[in-house]
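Novice: sequence first, predicted coordinates after that:
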Amino acid sequence: MLRRCVWSLLASVGLAQGTLWAQTNEPPLFLPPLLPVPQQAPASPASGSLAAPSTTAVPPAPPSRSIIGEYHPAYSYLPESAPSQKLPPCPCLPLGKTWFDVRYLYATTEGLTVPPLATTGPLGTLGSMMFHSTDLPQAFRAGLRFEAGHWLDRCQNLGIDGSFLFLGVDRTGLAVYSPGTFPLFRPSIAADGTPTGVVIASPSVGPGAITLASDTFFLTGDVNLRLNFACESKWRIDAIVGYRVFSLQETITLTSVQHPQNILSDRFRTENLFHGVQLGLCSQYRWQVLYVDMFGKVALGGDWRSVELQGGNSQTGPGGFLVPSHQMGRVTETDFAVLPEVGCNLGVQLTDFTRVFVGYTFLYINNIARPGEQIELTGSSVRRERTTDFWLQGIHFGIDLRF
């Protein structure tokens with residue numbers, strides 16, 4: 001009999017614990033009222049004495065139901081099991097603490113500027129000029145841009161982001177050939193300023209050719225700390241502060257072939273590597289499923305640039321026509337530069353966490369070295385490094401994913 005009582009008691013305790021374990025974390029909407037405090041029975045009066053009226057106050061019975069938040073002293077209250085559900089909502093959109101987007105970019109860059117490098121007569125004559133600046137435009141080419149970021153808090157007030165952009169290598173090739181029926185010159189300017197040149201092809205010299213090849217490689221990226229300082233359900237404005245890097249490498253190679261098999265070559269190569277501190281603003285406005293966002297950034301820093309000159313002659317050795325042997329070599333220098341970038345996107349919200357968009361980007365940097373500016377026709381003994389600017393612009397379309 002005692003064993004049966006013990007087993008019954010253990011079963012009752014296990015059932016009670018199982019019931020508590022099965023309860024969910026969601027707080028119930030209503031709490032059942034506790035049983036009212038039982039009334040105390042009045043003491044029986046002593047025999048032979050008159051019954052005194054009872055002065056014991058009976059507590060009021062609690063109401064049948066009570067909604068959470070309406071406190072009543074007759075109830076016992078437990079702490080909420082999910083306090084995070086009681087935090088106030090955040091007004092900032094779009095949803096998602098982490099985002100990633102990829103863009104297909106179709107862009108062009110500023111073309112190379114070069115002096116006349118091939119003519120049908122010496123400079124100052126009526127001969128037509130070839131391989132001039134108008135012959136070296138930068139064609140539109142494909143590229144990619146990646147952007148990603150993460151908010152560090154629930155309401156999207158502080159976060160980090162970064163981007164990386166690169167374009168495919170732009171290669172330009174030009175060539176002119178004379179079978180000897182018309183003259184072909186490499187123009188130059190004498191020390192006294194007189195236009196002159198070297199004959200590559202003519203009826204008396206024979207056939208000849210001049211070729212020009214150029215290539216441009218570009219990439220840039222940044223990492224930023226993003227701070228939201230204005231936000232509503234339909235719009236937001238974020239400030240950014242971070243780091244920017246920019247790289248540009250370009251080469252121009254000029255080659256001429258004289259009869260019989262005398263080859264002159266000149267090579268001009270420049271490299272630019274920019275590092276700077278970046279500040280900017282990003283804004284976004286949403287209207288139903290459409291949205292538009294704009295950004296503006298400016299980076300201030302130093303541009304490390306390198307200018308390398310090489311020349312050669314198949315008959316005499318080092319030293320070409322425009323780069324004599326005493327000017328061959330590499331020169332580096334660092335200078336202050338400014339790099340601004342602006343852009344905008346127009347997109348559609350497909351789902352809560354997926355968007356597609358199209359947009360435009362423009363980027364500019366000053367005080368950089370490019371190979372066309374390093375070409376001199378005078379053949380002076382001292383060559384001076386020249387700087388210029390560079391810009392990029394293009395359209396893009398992409399997809400934005402948020403998690």
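Specialist: Happy to help now that I have it. Residues are numbered from 1 along each chain as shown.
Novice: please enumerate the strands of the stretch 151-300 of the chain.
Specialist: Ranges of strands in the stretch 151-300 of the chain, per DSSP state E, counting those that start in this stretch, are 158-178, 184-189, 195-201, 208-231, 235-258, 262-287, 290-313.
Novice: ok, what's across the strand from the residue nearest to M294 when sequence neighbours are not counted?
Specialist: Leaving aside its sequence neighbours, M294 sits nearest to C344 (C-beta to C-beta, 6 or more residues apart in numbering; 4.5 Å). C-beta coordinates here come from the backbone N, C-alpha and C atoms, glycine included. Following DSSP bridges, C344 is listed with bridge partners M294, Y360.
Novice: what do you get for the one 10 residues further on?
Specialist: For T354, the beta-bridge partners are T351, L401 (DSSP bridges).
Novice: please report how far it lies from D161.
Specialist: To D161, T354 is 18 Å away according to C-beta to C-beta, to the nearest Å.
Novice: before we move on, what about I252?
Specialist: Distance, I252 to D161, using C-beta to C-beta: 37 Å.
Novice: end to end, how far does stretch 184-204 reach?
Specialist: 12 Å (C-alpha to C-alpha, to the nearest Å).
Novice: any idea how far L95 is from the closest residue to D293 other than its chain neighbours?
Specialist: Nearest non-adjacent residue to D293, counting by C-beta to C-beta, 6+ apart: Q284, 4.0 Å away. The gap separating Q284 from L95 is 13 Å, by C-beta to C-beta.
Novice: same question, F362
Specialist: Note on F362: its distance to L95, by C-beta to C-beta, is 30 Å.
Novice: just name the most buried of the strands of the stretch 151-300 of the chain.
Specialist: Each of the strands of the stretch 151-300 of the chain was scored by mean neighbour count; the highest is strand 184-189, a mean of 24, by mean count of other C-beta atoms under 10 Å.
Novice: helices and strands around the host helix or strand of H150, which ones?
Specialist: Using DSSP states H and E, H150 maps to strand 141-151. With contacts taken as 3 or more C-beta pairs under 8 Å, 6 or more residues apart in numbering; DSSP states H and E, strand 141-151 sits against strand 98-109, strand 158-178, strand 388-402.
Novice: tell me what angle the longest one forms with strand 208-231.
Specialist: Put simply, strand 158-178 runs at 160 degrees to strand 208-231, going by axes from the mean of the first three to the mean of the last three C-alpha atoms, to 10 degrees.
Novice: one more: the shortest one?
Specialist: Interaxial angle, strand 98-109 versus strand 208-231 (the same axes, to 10 degrees): 150 degrees.
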